[in-house]
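Undergrad: could you work out the structure for the sequence below:
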Amino acid sequence: SNYERTYRENYTQLLNYLAFELEASVSDQLSFVGRIHHRSGAFGTYSGVKEGSNAYLLGLRYRWGQDPIPAQIAEVPPPLGCPDPDRANRQPLLTLNEELEEITLGTGGKQTVQPVQPLAQSRYAGMSPAEQEAMREQAIAMIDQRISSIQLQQRLTIDRRFGSNGEFADLSNNDVQERAKYGSVRPDQLPSYGKAQLIDGQISRWRIQASQVSISPDGWEAKRMGFTNDPFTPAQTRIDAEDVIAKEQPNGDILIESARNRLIVEERLPIPVSRTQRITKEEEVENRWVFGIDNDDRDGFFVGRTLRPIQLNPKTLLSLQPQLLLQRAVDGTTKSYVKPGSSIDSNKVSQPTTAGDLFGLEAELTSELWGWTAEANADISTFNPDNFANGSRFWGELKKTIDLPLLGDVKARLFSAYRYKAYNGSLGETDVYSAFGSFLEKRGAFSVGKLSNNYIWRIGAGNYQAEQFESENLTDLWRANFYGSLNSSYSIWRGEPAALTPQEAYRYSPVAIVPGLAFRTNINTLLAAYGDGERQTTISLSGGPSLTLGTFSKPFLDYTQLSITGGGTLKQGSSPFDFDQAIDLGTLGLGVTQQIAGPLVINAGVGLNIDPASEFYGDVIDSNIELRWQRRAYDFGFYFNPYEGIGGFRFRLNDFNFTGTGVPFVPYNPSNELDNRPF
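TA: So this is what the prediction gives:
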């Protein structure tokens, strides 16, 4: 459609699409259809487009043909030791020689499939859903799960994000969490989002079930196999795979392929997933495709492919991720760079794209040099020679742990950067055009009674070329600084969690929720001196209580978490730079997490500038709201951060470590009676 192109100041052909359809059936083949269409941008994601257009459709729909015959899949009967009414009547699986003999004799090698009694014909058909669910709960409670010591390890996350935050656009989520660890105390409901990546994380431990596995020197295969990340039975999530073949690759990786893979959620929702997975020797499931959004450097949506790392020598590894900038290609223009030949601090302008503007690259080089660990990174958003200098970001470091008298082990770092993104509260995003220097750093933790503490101190010096405070002009100065931070947490009251069973503590949450009241504090100081004689000294104190009520084990309003944090900063002097200017001297953070009903949870937080002397007094400096469906093995939800202008949909599978074997988890319906069904 050219509607947006003709009538709107900002336009694009790549938009979000939403349709609502109502169908009234007249017969099996004929029906009336009404549909409403809506197209729009999201938070200005697509070339700044926030508006959209609507349309409607009325018509008749005619269907012909027949539904495809469902494919018969191999059954996974209960293993020995589990109730199995059909065990005496079940035909054993044929070996390869027996199948060939059956084919030769004309039977085709096919085994009779036992008919399954429909649920509607069982004695459960007359029960209400509530009665059936109550019986199911009783049956689950009777299962000996055979596991203990359950621990949440990590998460495999699928995150479809709209918008882009300049705050941590160059950092992974783990890096963002590490940086936030030693800063001012914030409500847990105010997360900082790192680099937008469609799939992140891993599942390191799977439970596997199959009726028969054929093992050979090359690998193994199975007619049907189940995988689950859930330590309990029945599993809330599992993967159902058919015709599974696993082979070891020359480099030691294991390649698993199947004819069909489905992620089955709560035994109700089957989701097709990739039929090929590669497990490396480190037992990490790789995902090489990257789908991201970068509005600042790449004009929106792009697709990347992480190539297999290249071993340049025994100590040097090169990782490459070439990218195709799809939205820039669709729009035909780019607004990410200044006019070629102009100053780097000039305003960005719209330019027609060339072939080089449609490709990007992220690269990482790691090595060891003279006992130092070396790391270099490149983020290139264009290969157009006219824009290359303004479309590239580079940073690197050399680091080594050294033993100093009285101080013990200290980490030494040498760093350099070119066009590195920084973020500074109410001032927003700023660029450090170039920097190099070194610093020493030490981290540690200690406890005093119930008081838990961790700390960091850092001292260093470097040369920086960056934007001036209250000006977009660049200034080039040396900077020496010391930073120290101490986090403390004190448990004022601690209750008891619910029983550690799948129907109590682990019903909705991957960790047992413990009621309690804790108080967290952070005190940090920054001393900085600059080459022009300026000085900046700050001392900041922040803290607040976090109250948890309920155990998240009951169906309604059984989990509430309230967080209140406040902070103040005493400042002397001023920085000539934008990126380290102490700006938000008084802050207030509020956060709440509330179970609404069952697994449905709302999570919201807001941060405010409450410094009366600041021109940003009363402004929101951070915000976040999330509506989440949370279960033990998975969760999904929608989130929106109005302050940073980003939002999206997130689905997560939880990765557990535990002791024990668990019990079989693939459901099985007895062919003649359902009275003995375990769940």
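
Undergrad: can you tell me the element Ile103 falls in?
TA: helix 96-104 (DSSP states H and E).

Undergrad: what comes up buried for the following helix or strand past that helix?
TA: Downstream of helix 96-104, the first helix or strand assigned by DSSP H and E is helix 129-141. Buried residues in helix 129-141, counted by 16 or more other C-beta atoms under 10 Å: Ile140. Glycine gets a C-beta too; all of them are placed from N, C-alpha and C.

Undergrad: give me phi/psi at Pro85?
TA: Per-residue torsions, Pro85: phi -60, psi -20 (degrees, to the nearest 10).

Undergrad: correction: the previous question concerned Asp331.
TA: phi -70, psi -30.

Undergrad: what's the burial count for the residue nearest to Ala378 when sequence neighbours are not counted?
TA: For Ala378, ignoring the flanking residues on the chain, the nearest one in space by C-beta to C-beta, 6 or more residues apart in numbering is Ala363 at 4.4 Å. Other residues lying near Ala363 total 16 when counted by other C-beta atoms under 10 Å.

Undergrad: for Ala363, give me its contacts.
TA: Contact analysis of Ala363 by C-beta atoms under 8 Å, 6 or more residues apart in numbering lists Leu318, Ser319, Leu320, Gln321, Asn377, Ala378, Ile380.

Undergrad: so the nearest residue to the third one once chain neighbours are set aside: helix, strand or coil?
TA: By the measure of C-beta to C-beta, 6+ apart, the closest residue to Leu320 outside its immediate chain neighbours is Leu307, 4.8 Å from it. Reduced to three states with DSSP: H, G, I helix; E, B strand; the rest coil, the structure at Leu307 is coil.

Undergrad: distance of Leu307 relative to Phe291?
TA: 16 Å (C-beta to C-beta, to the nearest Å).

Undergrad: the two: which has the busier surroundings?
TA: Ranked by neighbour count (other C-beta under 10 Å), Leu307 and Phe291 place Phe291 first, with 17 against 13.

Undergrad: which helix or strand contains the more buried one?
TA: Going by DSSP H and E, Phe291 is part of strand 289-294.

Undergrad: list the neighbouring strands of that strand plus their orientation.
TA: Paired neighbours of strand 289-294 in the sheet (DSSP bridges): strand 300-305 (antiparallel).

Undergrad: got the buried residues for the partner strand?
TA: So strand 300-305, judged by 16+ other C-beta under 10 Å, has buried residues Gly300, Phe301, Phe302, Gly304.

Undergrad: for the second one, which non-adjacent residue is closest in space?
TA: Same thing as Phe301. Counting by C-beta to C-beta, 6+ apart, the residue nearest Phe301 is Gln327, at 4.2 Å.

Undergrad: strands of the stretch 101-250 of the chain, residue ranges please.
TA: With strands called from DSSP state E, counting those that start in this stretch, the stretch 101-250 of the chain shows them at 147-162, 199-200, 207-209, 214-216, 219-228, 237-248.

Undergrad: how about the ones you listed, which one is nearest Gly618?
TA: strand 147-162 (27.7 Å; C-beta to C-beta).

Undergrad: who does that closest one pair up with?
TA: strand 199-200 (antiparallel), strand 646-660 (antiparallel).

Undergrad: helix or strand: which one has Asp379?
TA: With DSSP H and E as the test, Asp379 turns up in strand 372-380.

Undergrad: can you add mean pLDDT, mean neighbour count and distance to Ile539 and give the strands paired with strand 147-162 back as TSV?
TA: Listed next are these as TSV, based on pLDDT from 0 to 100; neighbours: other C-beta atoms under 10 Å; distance: least, C-beta to C-beta, whole Å:
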stretch	mean pLDDT	mean neighbour count	distance to Ile539
strand 199-200	74	18	37
strand 646-660	89	18	32
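
Undergrad: dig out what Thr366 forms beta bridges with.
TA: Leu317, Glu375.

Undergrad: so it makes contact with Gly396?
TA: No. Applying C-beta atoms under 8 Å, one finds Thr366 not in contact with Gly396, separated by 10.1 Å.

Undergrad: anything in contact with each of the two?
TA: Ala374, Glu375.

Undergrad: Gln138 and Gln132, how far apart?
TA: Gln138 is 11 Å from Gln132, by C-beta to C-beta.

Undergrad: nearest to Gln189, of the strands paired with strand 147-162?
TA: strand 646-660 (14.9 Å).

Undergrad: tell me the angle that closest one makes with strand 237-248.
TA: 70 degrees (axes from the mean of the first three to the mean of the last three C-alpha atoms, to 10 degrees).

Undergrad: just the CA atoms of strand 646-660, as CSV, please.
TA: The C-alpha trace of strand 646-660 is given here as CSV (Å, rounded to 0.1, in the frame of the first residue of the first chain):
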residue,chain,number,x,y,z
ILE,A,646,11.0,-0.5,23.8
GLY,A,647,8.6,-3.3,24.2
GLY,A,648,8.1,-6.9,23.1
PHE,A,649,7.2,-10.5,23.7
ARG,A,650,9.3,-12.9,25.7
PHE,A,651,9.1,-16.7,26.1
ARG,A,652,11.5,-18.5,28.4
LEU,A,653,12.3,-22.1,29.2
ASN,A,654,13.9,-22.7,32.6
ASP,A,655,17.0,-24.8,33.0
PHE,A,656,17.3,-26.9,36.2
ASN,A,657,19.9,-28.8,38.1
PHE,A,658,18.7,-31.5,40.5
THR,A,659,19.6,-34.7,42.2
GLY,A,660,17.8,-38.0,41.2
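
Undergrad: so how far is the strand holding Phe291 from its chain's centroid?
TA: 13 Å (C-alpha atoms, centre = their mean, to the nearest Å).

Undergrad: run the angle between the helix or strand containing Thr334 and strand 289-294 for me.
TA: Take DSSP H and E as the rule and Thr334 turns out to sit in strand 333-338. Compare the direction of strand 333-338 with that of strand 289-294 by the same axes, to 10 degrees and you get 70 degrees.

Undergrad: so who does the residue nearest to the spatial centre of the chain touch?
TA: Among the residues of the chain, the one closest to the centroid is Thr157, at 3.6 Å (C-alpha atoms, centre = their mean). Listed by C-beta under 8 Å, 6+ apart, the contact partners of Thr157 are Ile199, Asp200, Gly201, Arg650, Phe651, Arg652.
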